[in-house]
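Asks: prediction below, plus the sequence it came from.
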Amino acid sequence: MSSGSRQPGLLIGIGTDYRGDDQAGLEVARRLRGRTAGVEVREFSGDGAVLLESWAGHDRVILVDVCRSGAPAGTLHHWRLPGDSLPAALRLGSSHAFGLAEALALAGTLGRLPVRLDLHAIEGARFGLGEAMSPAVERAVEALVAQLTAQLEQAEG
Amino acid sequence: MSERSGTRTIKVDALARVEGEGALYLRVKDGAIRDLKFRIFEPPRFFEALLAGRGYAEAPDITARICGICPVAYILSASHAMEQALGIRVTGPLRDLRRLLYCGEWIESHVLHAAMLHAPDFLGLDDALQIAQRDPQLVRTALRLKKLGNTILEVVGGRAVHPVNTRVGGFYRAPGRARVRALAPELEWALEASATLLRAFAGFDFPDYTHDYTCVSLRHPDEYAITEGRLVSNRGMDIAIDAFLDHFGEEHVAHSNALHGYLGAGEPYLVGPIARYNNNFDQLTPLAQGAAREAGLGPVVNNPYQSLLVRLVETLYACEEALRLVRAYEEPDAACVEAAPRAGVGHGCTEAPRGICYHRYALDEAGHILEARIVPPTSQNQKQIEDDLRGVVERNLALPDEQLKLRCEQTIRNYDPCISCATHFLELTVDRE
């Protein structure tokens, strides 16, 4: 995990309420809100095409989502764009008809990526309606919140 | 792909571009279909149970969570049902604002599906990314149009995705006149942009398949129905929405957690853009009718693949209608019609981008929900999707598996099925014995 030297302007937690581990990105955003001065925190539950527009005007963007890559539940992944390429088999969890992976690829093609975009993804395990987040994902949410808080405080300082 | 004892099994995560999670299983023996099951998950039963015991005012916001693409459909169907139960009616400028909000949802949902998800099927491309590499301007136009739809949601509904400004009885705060009127220039651009997309897609090679569908939609005496009307069909049905459950049923099928909707004694029926278009073509504006004709569509469409074009005709109509509403907008005196809790039953039915979305609620004296029933468009189309797949597969059995799979995916995408809006992957299995 690399840490940023400048404070990002926008953090978007992506996910869907009521659907197990798919809430993880929203939960990270909720816990970070108010603790990151100068960083706008948003929750997002729509499609990737809207997401692609939503970071317009922000140079530094952090996205938090769940994913399914085959790793153990709760595993934290991090990619930085431009630069890193997302694994072809990666399934990002919570954006739907037109997903986050598609949105990021399309943003790259159309020249709409921010100067720096950090994508944090938590490996999810269960996505059933009405299910709680799995314990491993709960722990990962806490760990990621702590990590991002420290990172953003360091950037502020 | 694997070989096992003379049966060829192919399993792919084929339909990531359809919302939700589901699977298509197809078994072919001696050149004939032996089994075909379209399986999807998660009907809204969870949400119906979640609503029991909650206050009437909570239903629109909670049911909006069923879908990230069409929350307005759930918000307004639930709101209308509650308003009927509470004995109030939302009319005049507040009704117009709701119609404007709904136009925004049609625009963003239709453009997303037609241009970004369905068009690649007709271009022999994997996804919108490949369209962007070939024709970036087309994708930029589609994204700008879609963004306009979301901007309408933001201006009227308070947020670009899940509106927060709507409530039973109307709105928390009426949007300012200047902000609404400021939508006009982009809507003027959108008229030409949606016509451009329609022209671009009209030349697609649509598979040769037609079916005499039973088309079910709302119909309103004065307008192309979106937010209200009577339920009609092209077979002569004409009923109040309150009678929905007397005419339509849902059945559990062994292979699916979802419910399959049916009409009468068990017939499949079609809801969505083609059903609306076929029932209400006469109420489209001259501009939309002309664009449809220019795209090669008559007043009745029986080729389900042309749903792509019908979505764009409806997009053009929604832009024109939104422009009319925006130009006429004046801030209403009150942002909502207040209602006192009381016991009652209410029905709501609106035209989600994918077709009619029906809600029914029973309330106690304090306005708490005793019972909730939600019938989303995708569950109504399930039986028809299976029928279409059977017809399409029968005509295309000679195709190699890979092409047959693509044709099945394209066929399912005709319906823009909002399978559950949560997780994502439809597996397609073909067994040839």
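Replies: Everything's here; your move. Numbering: from 1, shown residues only, chains lettered A, B, ... in the order given.

Asks: residue 154: neighbouring residues, count only.
Replies: Since you didn't name a chain, this refers to chain A. Residue crowding around A:Gln154 was assessed by other Cβ atoms under 10 Å in any protein chain shown; the count is 12. For the C-beta atoms, the positions are set from N, CA and C on the backbone; glycine is no exception.

Asks: wrong chain, I was asking about chain B
Replies: 18.

Asks: how near is it to A:Leu81?
Replies: 26 Å (Cβ to Cβ, to the nearest Å).

Asks: who are the packing partners of the host helix or strand of B:Ala322?
Replies: Using DSSP states H and E, B:Ala322 maps to helix B:307-328. Contacts defined by 3 or more Cβ pairs under 8 Å, 6 or more residues apart in numbering or on different chains; DSSP states H and E place helix B:307-328 against helix B:92-111, helix B:136-157, helix B:177-181, helix B:184-202, helix B:273-280, helix B:286-294.

Asks: for chain A, which of those helices is the nearest?
Replies: With Cβ to the nearest Cβ as the criterion, chain A lies closest to helix B:136-157 of those, at 5.1 Å.

Asks: where does pLDDT dip in the stretch 251-400 of chain B?
Replies: B:254-259 (pLDDT under 70).

Asks: now the strands for it?
Replies: B:259-263, B:344-352, B:355-363, B:369-375 (DSSP state E, counting those that start in this stretch).

Asks: of these, give the one that comes closest to chain A.
Replies: strand B:369-375 (13.0 Å).

Asks: nearest residue to B:Pro120 in space, please, no chain neighbours.
Replies: Excluding the flanking residues, the one nearest B:Pro120 by Cβ to Cβ, 6 or more residues apart in numbering or on different chains is B:Asp127, at 5.4 Å.

Asks: helix, strand, or coil at the residue positioned nearest the centre of chain A?
Replies: The C-alpha lying nearest the average C-alpha coordinate of chain A belongs to A:Val64 (Cα atoms, centre = their mean; 1.2 Å). Using DSSP: H, G, I helix; E, B strand; the rest coil, the secondary structure recorded for A:Val64 is strand.

Asks: and chain A, which residues reach chain B?
Replies: A:16-19, A:22, A:44-47, A:49-50, A:52-54, A:91, A:93, A:95-99, A:102, A:105-106, A:109-110, A:127, A:129-130 (Cβ under 8 Å from any Cβ of the partner chain).

Asks: what subset of those residues is buried?
Replies: When the residues of chain A next to chain B are checked for burial by 16 or more other Cβ atoms under 10 Å in any protein chain shown, the buried set is A:16, A:18-19, A:22, A:44-47, A:49-50, A:52-54, A:91, A:93, A:95-99, A:102, A:105-106, A:109-110, A:127, A:129.

Asks: quick check: the residue of chain A nearest chain B.
Replies: A:Gly46 (3.5 Å).

Asks: distance check, the closest residue in space to that residue that isn't next to it in sequence against B:Phe38.
Replies: Counting by Cβ to Cβ, 6+ apart, B:Val161 is the residue found nearest to A:Gly46 once chain neighbours are left out, at 3.5 Å. Distance check for B:Val161 against B:Phe38: by Cβ to Cβ, it reads 28 Å.

Asks: the two: who's more crowded?
Replies: When B:Val161 and B:Phe38 are compared for neighbours, B:Phe38 comes out ahead with 28 against 22, by other Cβ under 10 Å.

Asks: just grab the bridge partners of that one for me.
Replies: In this entry, B:Phe38 is beta-bridged to B:Leu24, by DSSP bridges.

Asks: my guess is it meets B:Leu24, correct?
Replies: Yes. At 5.3 Å, B:Phe38 counts as touching B:Leu24 under the criterion of Cβ atoms under 8 Å.

Asks: now for those two: what residues contact both?
Replies: B:389, B:412 (Cβ atoms under 8 Å, 6 or more residues apart in numbering or on different chains).

Asks: packing partners of the biggest helix by length in chain A?
Replies: The helix that spans the most residues within chain A, counting by DSSP state H, is helix A:135-156. Packed against helix A:135-156, as judged by 3+ Cβ pairs under 8 Å, 6+ apart, are the following elements: helix A:24-32, strand A:60-68, strand A:76-81, strand A:116-123.

Asks: Serialize those to TSV and add fields for mean pLDDT.
Replies: Below are these laid out as TSV (pLDDT from 0 to 100):
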stretch	mean pLDDT
helix A:24-32	95
strand A:60-68	91
strand A:76-81	93
strand A:116-123	94
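
Asks: and among those, the most buried is which?
Replies: When you average the neighbours per residue for each of the helices and strands packed on helix A:135-156 (mean count of other Cβ atoms under 10 Å in any protein chain shown), strand A:60-68 leads with a mean of 26.

Asks: for chain A, what are the nearby residues on the stretch 51-200 of chain B?
Replies: B:65, B:68-69, B:108, B:112-113, B:116-117, B:127-129, B:132-133, B:136, B:139-140, B:143, B:146-147, B:150, B:160-162.

Asks: on that earlier part again, thought the residue nearest to the centre of chain A was touching A:Leu117?
Replies: No. Between A:Val64 and A:Leu117 there is no contact under Cβ under 8 Å: 11.7 Å.

Asks: how about the stretch 101-250 of chain B: which residue is closest to chain A?
Replies: Closest point on the stretch 101-250 of chain B to chain A, by Cβ to the nearest Cβ, is B:Val161, at 3.5 Å.

Asks: contact partners for that residue?
Replies: Contacts for B:Val161 were tallied using Cβ under 8 Å, 6+ apart; they are A:44-46, A:50, B:68, B:71, B:150, B:153.

Asks: just to revisit the earlier point, dump the C-alpha coordinates for the helix holding B:Ala322 into PDB.
Replies: Extracted in PDB, the C-alpha atoms of helix B:307-328 (Å, rounded to 0.1, in the frame of the first residue of the first chain):
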ATOM      1  CA  SER B 307     -36.400  -2.400 -28.200                       C
ATOM      2  CA  LEU B 308     -33.100  -0.700 -28.500                       C
ATOM      3  CA  LEU B 309     -34.500   1.800 -30.900                       C
ATOM      4  CA  VAL B 310     -37.800   2.100 -29.000                       C
ATOM      5  CA  ARG B 311     -35.700   3.100 -25.900                       C
ATOM      6  CA  LEU B 312     -34.200   5.900 -27.900                       C
ATOM      7  CA  VAL B 313     -37.500   7.000 -29.300                       C
ATOM      8  CA  GLU B 314     -38.700   7.200 -25.600                       C
ATOM      9  CA  THR B 315     -35.500   9.000 -24.700                       C
ATOM     10  CA  LEU B 316     -36.300  11.600 -27.300                       C
ATOM     11  CA  TYR B 317     -39.800  11.900 -26.100                       C
ATOM     12  CA  ALA B 318     -38.700  12.200 -22.400                       C
ATOM     13  CA  CYS B 319     -36.300  15.000 -23.400                       C
ATOM     14  CA  GLU B 320     -39.000  16.800 -25.200                       C
ATOM     15  CA  GLU B 321     -41.500  16.300 -22.400                       C
ATOM     16  CA  ALA B 322     -38.900  17.400 -19.800                       C
ATOM     17  CA  LEU B 323     -38.200  20.500 -21.900                       C
ATOM     18  CA  ARG B 324     -41.900  21.300 -21.900                       C
ATOM     19  CA  LEU B 325     -42.200  20.900 -18.200                       C
ATOM     20  CA  VAL B 326     -39.000  22.900 -17.500                       C
ATOM     21  CA  ARG B 327     -40.200  25.800 -19.600                       C
ATOM     22  CA  ALA B 328     -43.500  25.900 -17.900                       C
END
